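> take a look and give me a structure for this.
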Amino acid sequence: MKSKPFNSYKRAKEFLLQTIDYEKLTQYKYDTSTFDLKRMEEMMAFVGNPHKKRRCVHITGTKGKGSTSIIIASILKDLGLKTGLFTSPHLIYLEERMKVNNRMISQKMFVELINILKPYIDRIMVKNQILMPTFFEIVTAIAFLYFEKKEVDISVLEVGMGGRLDSTNIILPEISVITPVGYDHTDRLGHTLDRIAYEKAGIIKEGVPVISSAQEPEALSVISKTCKEKNARLYLVGKDILINNIKVTKRNGVYGTECEIQTWKNKYKNIFLPLVGRHQVENCATAIGTLEVLSENGVIKNDNEMVTNALAKVKCPARIEVVSENPLVVLDTAHTVSSMKILRESIKENFSFKKLIVVIGLSADKDIEGILKEIACVADGLILTRTGNPREAEPEQLAVTAKRFYRKKPMVIEDIDEALKEAKKIAIKDDLICITGSFFLAGKMKKLL
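Model (predicted):
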């Protein structure tokens, strides 16, 4: 039976949203029975293995992998390379996940590429629906096809979750990058840092160099051991890549950070990174280390001045992003204990304000007590809301937990729009509204704002 192609973006998206989407599920097995790379390899073979035809950088980690991916892709673009970027999840538009030179895939191209995959998907559905590709597998496949279609020079691919069993892990990259490993998705990846690091280190390939952010000892031990087993040279931030003279600043009305970064090869002076928080400087150092390795291996031609200029233009949506002023409104996606601690410290260090009003919504599978403990104790106003995702935690339940750490009675406003309106209503000119928690909440708030 001949496959009938999708005739519109709406139809293609409707089909995609009916597939299994682990970003929206709370209960599933995390093993090779559900995350089978052979299924991904078979689908890619059906369409000519586009992922084998282009150079790429592969990035995993718990914190900062999205920001680091964006920073690397931004610099590569400014160095003159046609650069693909694949990230997840999206904030507002599905097409955000795949970009070339910072431009989203068009809806027309999206339909064209999913139609290339459709005969394979239809064949599997007839054969055995259990083997049907998942939402993330199909989206990853579309990204691979897109980057090949656009003939990119190099692509930057962010892991969805974990690394070892992630759909992106069928590639052979020029370099593997591991940002800080922490506690997230513990019910799938493991409850100890060494176990989580094992899953992340699953992206390390034989003979392929590795750049790692500074890591906790348990995580670093696993990463180092895997690199030795795979004969993969390890470069480490804090050892091979050093950060100096960090200074919080504001240039031309833009909040950011100044620093110097010293690698084993070059010194990058007078860096201005228009991103808030010291953690972003570490992401920047990881990105620069990645570029150094790509340069040493002849993949790119590095240029200190061009790199510094590129960094001054980087934008990372919803990462302590100032979206409006008077009052200041900051949008973020802190959804782990460590990322919430970083958010709290970064707000204190970078902004001046009278009252801090926090609007937060979280997924039910997060460490809700630990996260709320980090932020509720410093909030002058606390509004608990929904995220708009099936995995969301009930706001009333969040309120029960928050009462242990918040000195007043938290507000529960289930409607996201109303929660934002209330925050703006109680804030005065010199206050700061921080909207944080789930990526899904950030996306809906960004659309409203």
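
> residues contacting the residue sitting nearest the centre point of the chain?
Nearest to the mean C-alpha position of the chain, counting by C-alpha atoms, centre = their mean, stands residue 66 at 2.9 Å. Neighbour list for residue 66: 87, 158, 316, 319 [criterion: C-beta atoms under 8 Å, 6 or more residues apart in numbering]. Backbone N, C-alpha and C define where each C-beta goes, glycine included.

> out of those, which end up buried?
Buried subset of the contacts of residue 66 (neighbour count, 16 or more other C-beta atoms under 10 Å): 87, 158, 316, 319.

> for those residues, give me TSV that also has distance to residue 442, secondary structure and pLDDT.
Shown next, in TSV, are these (distance: C-beta to C-beta, whole Å; DSSP: H, G, I helix; E, B strand; the rest coil; pLDDT from 0 to 100):
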residue	distance to residue 442	secondary structure	pLDDT
87	14	coil	98
158	16	strand	98
316	12	coil	95
319	9	coil	95
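
> show me the two of those residues that sit farthest apart.
158 and 319 (13.5 Å; C-beta to C-beta).

> list the contacts for the closest residue to residue 151 other than its chain neighbours?
Among residues not flanking residue 151 along the chain, residue 82 sits closest, at 7.0 Å (C-beta to C-beta, 6 or more residues apart in numbering). Contact partners of residue 82, counting by C-beta under 8 Å, 6+ apart, are 100-101, 150-153.

> now the buried members of those.
Here, 16+ other C-beta under 10 Å leaves 100-101, 150, 152-153 buried among these.

> wait, which of those is closest to residue 162?
Checking the buried ones among the contacts of residue 82 one by one against residue 162 (C-beta to C-beta), the nearest turns out to be residue 152, at 25.1 Å.

> the closest one and residue 83 touch, don't they?
Yes - contact criterion C-beta atoms under 8 Å: residue 152 and residue 83 qualify, at 6.3 Å.

> which residues do these two both contact?
What both residue 152 and residue 83 touch, as defined by C-beta under 8 Å, 6+ apart, is the set residue 100.

> okay, and for the stretch 101-250 of the chain, where does confidence drop off?
Applying pLDDT under 70 to the stretch 101-250 of the chain flags residues 185-188.

> how about the strands of it, start to end?
103-104, 154-158, 175-178, 210-212, 234-236, 242-251 (DSSP state E, counting those that start in this stretch).

> same list (the ones you listed) but as CSV, adding distance to residue 441.
Formatted as CSV, the strands of the stretch 101-250 of the chain follow (distance: least, C-beta to C-beta, whole Å):
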stretch, distance to residue 441
strand 103-104, 21
strand 154-158, 20
strand 175-178, 27
strand 210-212, 30
strand 234-236, 34
strand 242-251, 27
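
> quick one: closest of the ones you listed to residue 72.
Nearest to residue 72, of all those, is strand 154-158, at 5.2 Å by C-beta to C-beta.

> other SSEs contacting the closest one?
strand 55-60, helix 65-78, strand 83-86, helix 135-149 (3 or more C-beta pairs under 8 Å, 6 or more residues apart in numbering; DSSP states H and E).

> closest one to residue 20 among the ones you listed?
Across these, closest to residue 20 is helix 135-149 (C-beta to C-beta), at 6.4 Å.

> remind me what the closest one packs against, helices and strands.
Using 3+ C-beta pairs under 8 Å, 6+ apart, the elements in contact with helix 135-149 are helix 9-17, helix 37-46, strand 83-86, strand 98-100, helix 107-127, strand 154-158.

> now the ones you listed in TSV, with distance to residue 217?
Output for the helices and strands packed on helix 135-149, formatted as TSV (distance: least, C-beta to C-beta, whole Å):
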stretch	distance to residue 217
helix 9-17	42
helix 37-46	30
strand 83-86	31
strand 98-100	36
helix 107-127	43
strand 154-158	25
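
> what's the closest of those to residue 144?
Using C-beta to C-beta, the helices and strands packed on helix 135-149 put helix 37-46 closest to residue 144, at 6.6 Å.
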